[in-house]
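A.B. asks: following is a predicted model, sequence given first.
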Amino acid sequence: MYPVHENYCEFAAVAEVVQCLQQPMALADASGKVLCVNQAAAALLGDEAETFIGELWPSWLESGYQGLYRELQSAADGQYHALQHGAREVQLRRVDGALLWVKLSLSFVQGLLPLFLVGFEDLSSQKAEVQRLTALAATDYLTGLANRRTLMEVLEKQWRQCLARRHPISVVIVDVDFFKQFNDLYGHLKGDECLRQIAAALASTLPSPQCLAARFGGEEFVLLLPGFNAAMAELIARQVSEAVAAIDIAAMGLPQGALLTVSQGIACEISGQFRTADAMLLGADTALYRAKREGRNKIILSD
Ligand SMILES: Nc1nc2c(ncn2[C@@H]2O[C@H](COP(=O)(O)OP(=O)(O)OP(=O)(O)O)[C@@H](O)[C@H]2O)c(=O)[nH]1
C-alpha cells in the first residue's frame, strides 16, 4: 500500500496505475516534463518508454496544439484545473517522423507535486476508414469515375468560381448509342465491361486536374470542363469519340462487327446564356437529344 496524504496522490501510486493502463498514457509535472510513459504510449510514440522521460510532452504534438497549450498555460495563471481538457483531435509526431491523428485529453491530479495525466487515443484506423468511405460515397462503383452526387457538387462549385472570375465553363454529356441493343446482343456483363472501357476512354481525354469525368447514370456520362469555351469543349468531345472508336472490341471478346459509338451534347456558359448550372446541364441534354435524333455518333453544341 502506498501512503495516502489526505487528498494528495503519491506520484509512485499514480505512475503504477498509468503503467497498468491499456490506453496510451503519460504522466507529467506542471511544466510539461514527462515523468512516466506506459507501454501503450511508448508504442504509439515509436520507442522505448525510458527514452521519453524528461521530454516536454507538448513537443510531441503539432505546432498548432503547442501554441494552444501555451495560451492555456498563460490563461490558467497557476490554476492547474484550468489546464485540463477533454478529448481533442490533434496530430502527434512519432519518433520516425510519421504524423498520427490522436485524441488527446489532459487531466490534473492533485499530488504532492501537481501532476498531469496525458491520455492518447490512436485515431489512424478510424481516419483511414472515414477516408475509404468518403471515397466510396463519391465514386461510381462500376466505372470508378466520380458519381452523380460528386458531379453535382463539383459543378455547383466550379460554376460559381468560373462566373466570379468571368471564365467560361462547359459540360459535355456523353451517351452510349443503342446500348439496350448492345446488352441484348452481348449480355449485361459485356455491357458492364463496355461501360468501364468507355469510362476509361473519357478519363483519358481529361485535359486538366480541374476537369472531371463522371457517370451521370446508366449509359450516360458527363465531362465538366471549367475554363473551357465551346470550341475547346468541342475539341475534347471529338477526342472522346476517337477514344471510344479506339476501344479494342476484339479484346472484349466481341465480334468485329460490334459497333460502339457515343452521341454528345455540349453546353457552354460564357456570357450569361444560362442562369444556373442546372440550366447549362439541361442545355447539354437538349443538344444530346438532337444528336440522337440526327442519327447518333454525333456532337451537337447547344444554341
Ligand atoms: N450492362 C449495363 N447496362 C446498363 C447499365 N445501366 C443502364 N444500362 C442499360 O442501358 C440501356 C439504355 O437503353 P436506352 O435508354 O433505351 O438507350 P439506348 O439503347 O442506348 O438508345 P439511344 O440512347 O437512343 O441510342 C438499357 O438497356 C439499360 O438496361 C449498367 O450499369 N450496365
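C.D. replies: Received, thanks.

A.B. asks: and the helix or strand harbouring residue 71, what does it pack onto?
C.D. replies: Taking DSSP states H and E as the criterion, residue 71 maps to helix 63-76. Judged by 3 or more C-beta pairs under 8 Å, 6 or more residues apart in numbering; DSSP states H and E, helix 63-76 is in contact with strand 85-93. In this view, the C-beta of every residue, glycine as well, is placed from N, C-alpha and C.

A.B. asks: how does it look with 10 Å?
C.D. replies: Packed against helix 63-76 by the contact rule (3 or more C-beta pairs under 10 Å, 6 or more residues apart in numbering; DSSP states H and E) you find strand 85-93, strand 99-110.

A.B. asks: so for the longest one, what gets flagged as buried?
C.D. replies: Of all the residues in strand 99-110, those buried under the rule 16 or more other C-beta atoms under 10 Å are 100-102, 104-106, 108-109.

A.B. asks: now stretch 253-267
C.D. replies: For stretch 253-267, a neighbour-count test (16+ other C-beta under 10 Å) marks 254, 260, 262-267 as buried.

A.B. asks: what is the nearest of the residues you listed to the ligand?
C.D. replies: Distances from the ligand to the buried residues of stretch 253-267, taken as C-beta to the nearest ligand atom, are shortest for residue 263 (6.7 Å).

A.B. asks: residue contacts, residue 222?
C.D. replies: By C-beta atoms under 10 Å, 6 or more residues apart in numbering, the residues touching residue 222 are 145-146, 148, 151-152, 155, 171-175, 202, 212-216, 265, 281, 284-285.

A.B. asks: make a ChimeraX selection of the buried ones in those residues.
C.D. replies: With 16+ other C-beta under 10 Å as the burial test, the buried ones among those are selected in ChimeraX as follows:
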select :145,146,151,152,155,171,172,173,174,175,202,212,213,214,215,216,265,281,284,285
